[in-house]
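**Student:** Could you look at this predicted model? Sequence included:
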There are 2 protein chains.
Amino acid sequence: MVFKKRTRVDLAKKILLEHINPIERRERVPIKDAVGRVLAEEIVSAIDVPDHRRAAMDGYAVRAEETTGASPANPVLLREGADCIRVHTGSPVPDEMDAVVMIEDTIPAESGGMVEIRSAVHPNKHVSMAGEDVCYGDAVFGCGHHLRGCDIAMLGMIGISHVHVYARPRVAIIPTGSELVPMQSEPECETGKIRETNGIMVGLYVEKWGGIPVYRDIVIDNPDLIEKEILASADCDAIILCGGTSVGARDYVPGAIESLGSLLVHGVGLSPGKPAALGMIDTIGETGALPVLSLPGYPVACLIALFEFGRPAISKLARIPLMPDRLMRARLGAKIASKIGYLTYTRVQVTGGVAHPVMTAGAGILSSVTGSNGFVVIREELEGLDEGDEADVIWIE
Amino acid sequence: MVFKKRTRVDLAKKILLEHINPIERRERVPIKDAVGRVLAEEIVSAIDVPDHRRAAMDGYAVRAEETTGASPANPVLLREGADCIRVHTGSPVPDEMDAVVMIEDTIPAESGGMVEIRSAVHPNKHVSMAGEDVCYGDAVFGCGHHLRGCDIAMLGMIGISHVHVYARPRVAIIPTGSELVPMQSEPECETGKIRETNGIMVGLYVEKWGGIPVYRDIVIDNPDLIEKEILASADCDAIILCGGTSVGARDYVPGAIESLGSLLVHGVGLSPGKPAALGMIDTIGETGALPVLSLPGYPVACLIALFEFGRPAISKLARIPLMPDRLMRARLGAKIASKIGYLTYTRVQVTGGVAHPVMTAGAGILSSVTGSNGFVVIREELEGLDEGDEADVIWIE
């Protein structure tokens, strides 16, 4: 397998992302369905939260000036219901009062209806102001904000029931390969056939990352049919093909991309995942050009190229910030070899702070991923890592 | 606000989790819907994957012994279609062949129908064995495995269409507080009322962590009504109440838990979140006892107590492993104060590797969370952190 050129992963990613324009389509959704979505409008509060002053402590609301000099030895007597009003944490402070004396600093006086105030308070003591959380006119969220559970509560708090969000990118997923049969089939009837499962795998991650997977049928290794299928998927916001991306006689996908638009990258310094190709096809759609990712057919190579190129592409389309990885800090239980010039994904099982390598090569061995809980990613400059080395292990989700 | 006892967060969590039994209920789902679910059965492969030997390279399948001594200077001539068969990466190797010569090491001979083999290969060279990925009888996933996208592809590959998974825990969410009105209302009509939004916030995180939120109506601050509502929710797998958990005159929730079962913890070394209470109520249900979490009504305290206690509780019920947090490494842009004895959640905004503190106290100021992208968590032993200190910042999801 010889590539004319092998592009570094970071450069390949940069080239791809430069060609991707974030989605402009918007839709209106109820806030309960807006978690994980990206705001397509600025949210300005039309109210104060809270809309009233409230007690920050259990106790009595008072006029601060009437407590001057109060102490346990020299309490001030106030009429309950008139000069002091019982309040609970969070309850409104009556308009005529301006401070709260903590319940611990009061006792009911022996004369009925009176309360002994045993501590002086200054104005606003233990009073939370109206608008303490949000003020009328505050820009609570900017356009482009990625909504979390806590943000939905905030929207509810300021009385917003629906928001405009950007549409989720629709991503066509096209499996290619004459050896493939649909996942539901019984391939053992036909020797040499294998079940197509890259499609569902890619689709589930597309969904996890904020896209809508659009599953297309398997296409056999035929350049015309591949081009036709790419064109038939051009109403989506991106296209991911699996298989047919190498430089063999039956690898027609990169050529198809080239003939429908431009092939930006073919062959990357990624292991597994080397044959990946990235390109754009011309369309008459919204954005003018459509990113097309051609991922290897071998499942591990497919998955890793998807993580490296599919995830940032979908994030940019969807306007979702790339989140930091979930990392485990571990010590390597054995030496790992890697090839200089390749960003290398070693599958490891971390137990008790030790990362046991499962497999480094083996682009076709999906059990090397499903039997692992982490990836150790080795940089291009290195020739592997030694036993005992500390490594950040990426938790496989 | 005085608590008889203040339990350390790690101890409180341990006590809670010791009382929680994972869900035993199972259900059968199609594999496409099984991502994020937990297997309730062991998965054993009934087939080899692949079920045939396949070429690992583009080239010609041959009988290795017939290539002995072959080199560019001294090629061996083989009849195409009889003694050598054209194969592509991944395609089946015919039964009578036992090795593959790479296409680069062959050229069509001048005499028609013959191929020059310019490299000797030993048996199995460039041949992937049947069962190389998964063998018949392999235990592919153990019972209790948390299914990821890649695992779903594996299930599909070995011909499995449905799996038994554990049911997702149903979590009742009960907002309490006489000052609350439903989120959809217009509280400004009634002074001193505020919209109830902890419910949706808790529900969205419950869902994110693998549970099913069961939203209950707001209950006013009345001990009988609170007990009644807890009992009415006892068909769920856990109950989360928001509000009424402190030690004020209107805080009836811990007492209600006590009278219906046992209060394990009331008052924790968590800031914000100190008034949280944890307990169990007796039921006649599946598990015999039901965990009840009483979270503060102030939204930030509610959220942080939910992260500290709700998340591990739901994870244990759902049998989902706790994943490592998403962390950002940052330098503090300013000093942060904290109180010894409290695990303290400071809200920060990280930009350009610097964490700018937004707020440390302010249990009622939800905008301190929604205006932040991270938490700096300060351990109980410390009295704050200094400007310039390095900190692991937890990405707020």
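**Tutor:** Looks like it arrived, so ask away.

**Student:** So which bits of the stretch 251-397 of chain A are right by chain B?
**Tutor:** A:297-299, A:303, A:323-328, A:364-367, A:369-370, A:395-397 (C-beta under 8 Å from any C-beta of the partner chain). C-beta coordinates here come from the backbone N, C-alpha and C atoms, glycine included.

**Student:** Now with 7 Å, please.
**Tutor:** A:297, A:299, A:303, A:323-328, A:364-367, A:369-370, A:395-397 (C-beta under 7 Å from any C-beta of the partner chain).

**Student:** Just the buried residues of those residues.
**Tutor:** With burial judged by 16 or more other C-beta atoms under 10 Å in any protein chain shown, the buried subset of these is A:297, A:299, A:303, A:324-328, A:364-367, A:369-370, A:395-396.

**Student:** What segments of the stretch 101-250 of chain A are strands?
**Tutor:** A:106-108, A:114-117, A:127-128, A:139-141, A:162-166, A:170-175, A:180-181, A:194-195, A:212-215, A:238-242 (DSSP state E, counting those that start in this stretch).

**Student:** Listing partners with orientation, what would you give for the fourth one?
**Tutor:** Using DSSP bridges, the strands paired with strand A:139-141 are strand A:43-44 (antiparallel).

**Student:** Please compute how far the strand it pairs with lies from its chain's middle.
**Tutor:** 23 Å (C-alpha atoms, centre = their mean, to the nearest Å).

**Student:** Would you mind checking the average pLDDT for the next helix or strand after that strand?
**Tutor:** Next helix or strand after strand A:43-44 toward the C-terminus (DSSP states H and E): strand A:54-55. What strand A:54-55 shows for mean pLDDT is 90.

**Student:** which residues of the stretch 101-250 of chain A fall in helices?
**Tutor:** Taking DSSP state H, counting those that start in this stretch, the helices of the stretch 101-250 of chain A run over residues A:149-157, A:198-208, A:223-232.

**Student:** Can you say which of the strands of the stretch 101-250 of chain A is nearest to B:D224?
**Tutor:** Minimum separation from B:D224 across these (C-beta to C-beta) falls at strand A:106-108, 25.5 Å.

**Student:** Distance from the closest one to the middle of the chain?
**Tutor:** Its chain's C-alpha centre and that of strand A:106-108 lie 53 Å apart, by C-alpha atoms, centre = their mean.

**Student:** Please apply the same query to stretch A:198-209.
**Tutor:** Distance of stretch A:198-209 from its chain centroid, counting by C-alpha atoms, centre = their mean, is 14 Å.

**Student:** quick check: mean pLDDT across it?
**Tutor:** Here the average pLDDT along stretch A:198-209 is 98.

**Student:** which residues are contacting it?
**Tutor:** Residues outside stretch A:198-209 that contact it (C-beta atoms under 7 Å, 6 or more residues apart in numbering or on different chains): A:171, A:173, A:175, A:183, A:213, A:215, A:240, A:242, A:297, A:299, A:302-303, A:306, A:310-311, A:314-315, B:32, B:35, B:149-150, B:152-153, B:156.

**Student:** List buried members of those by neighbour count.
**Tutor:** Buried, going by 16+ other C-beta under 10 Å: A:171, A:173, A:175, A:183, A:213, A:240, A:242, A:297, A:299, A:302-303, A:306, A:310-311, A:314-315, B:32, B:35, B:149-150, B:152-153, B:156, out of those.

**Student:** Close to chain B: what parts of the stretch 101-250 of chain A are there?
**Tutor:** So the stretch 101-250 of chain A meets chain B at A:128, A:132-134, A:140, A:148-154, A:156-157, A:159, A:161, A:179, A:183-184, A:188, A:191-192, A:194-195, A:197-198, A:200-201, A:204-205, A:208, A:246, A:248-250 (C-beta under 7 Å from any C-beta).

**Student:** Any chance of a ChimeraX selection covering the buried ones in those?
**Tutor:** Of those, the buried ones go into a single ChimeraX selection, burial set by 16+ other C-beta under 10 Å:
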select /A:128,132,133,134,140,148,149,150,151,152,153,154,156,157,159,179,183,192,194,195,197,198,200,201,204,205,208,246,248,250
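
**Student:** Could you dump the strands of the stretch 101-250 of chain A into CSV with mean pLDDT added?
**Tutor:** Below are those laid out as CSV (pLDDT from 0 to 100):
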stretch, mean pLDDT
strand A:106-108, 90
strand A:114-117, 94
strand A:127-128, 92
strand A:139-141, 97
strand A:162-166, 98
strand A:170-175, 98
strand A:180-181, 93
strand A:194-195, 90
strand A:212-215, 98
strand A:238-242, 98
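
**Student:** and the gap between A:G90 and A:D58?
**Tutor:** A:G90 is 9 Å from A:D58, where distance means C-beta to C-beta, to the nearest Å.

**Student:** Would you mind measuring from A:V165 to chain B?
**Tutor:** Separation of A:V165 from chain B (C-beta to the nearest C-beta, to the nearest Å): 15 Å.

**Student:** what do you get for A:P357?
**Tutor:** 18 Å.

**Student:** Which of the helices or strands spans that residue?
**Tutor:** strand A:354-359.

**Student:** Pull out the buried residues from that strand.
**Tutor:** Within strand A:354-359, the residues scored as buried using 16+ other C-beta under 10 Å are A:A355, A:H356, A:P357, A:V358, A:M359.

**Student:** residues touching the fourth one, list them.
**Tutor:** Going back to what we said before, that points to A:V358. Contacts of A:V358 by C-beta under 7 Å, 6+ apart are A:R347, A:V348, A:Q349, A:S368, A:G371, A:S372.

**Student:** Got the confidence number for it?
**Tutor:** Taking A:V358 on its own, its pLDDT is 93.

**Student:** Setting aside sequence neighbours, what's the nearest residue to it?
**Tutor:** Taking C-beta to C-beta, 6 or more residues apart in numbering or on different chains, and ignoring the residues beside it in sequence, A:V358 has A:R347 as its nearest neighbour in space, at 4.4 Å.

**Student:** Now do the buried residues in the longest strand seen in chain A.
**Tutor:** In chain A, ranked by residue count with DSSP state E as the criterion, the top strand is strand A:343-351. Of the residues in strand A:343-351, A:L343, A:T344, A:Y345, A:T346, A:R347, A:V348, A:Q349, A:V350 count as buried by neighbour count, 16+ other C-beta under 10 Å.

**Student:** Please report the distance of the fourth one from B:Y60.
**Tutor:** What it means is A:T346. The value you get for A:T346 to B:Y60, if C-beta to C-beta is used, is 32 Å.

**Student:** Then the third one?
**Tutor:** Using C-beta to C-beta, one obtains 31 Å as the distance from A:Y345 to B:Y60.

**Student:** helices or strands up against the longest strand of chain A?
**Tutor:** strand A:354-359, strand A:374-378 (3 or more C-beta pairs under 7 Å, 6 or more residues apart in numbering or on different chains; DSSP states H and E).

**Student:** Just checking, which helix or strand succeeds the first one along the chain?
**Tutor:** On the C-terminal side of strand A:354-359, the closest following helix or strand by DSSP H and E is helix A:367-370.

**Student:** what does that following helix contact?
**Tutor:** Helix A:367-370 has contacts (C-beta under 7 Å, 6+ apart) with A:300, A:303, A:347, A:358-359, A:362, A:396, B:133-134, B:140, B:150-151, B:154.

**Student:** Export those residues to JSON lines and append columns for distance to B:R118.
**Tutor:** Below are the contacts of helix A:367-370 laid out as JSON lines (distance: C-beta to C-beta, whole Å):
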{"residue": "A:V300", "distance to B:R118": "31"}
{"residue": "A:L303", "distance to B:R118": "36"}
{"residue": "A:R347", "distance to B:R118": "36"}
{"residue": "A:V358", "distance to B:R118": "36"}
{"residue": "A:M359", "distance to B:R118": "32"}
{"residue": "A:G362", "distance to B:R118": "28"}
{"residue": "A:I396", "distance to B:R118": "42"}
{"residue": "B:D133", "distance to B:R118": "31"}
{"residue": "B:V134", "distance to B:R118": "36"}
{"residue": "B:V140", "distance to B:R118": "41"}
{"residue": "B:C150", "distance to B:R118": "39"}
{"residue": "B:D151", "distance to B:R118": "43"}
{"residue": "B:M154", "distance to B:R118": "39"}
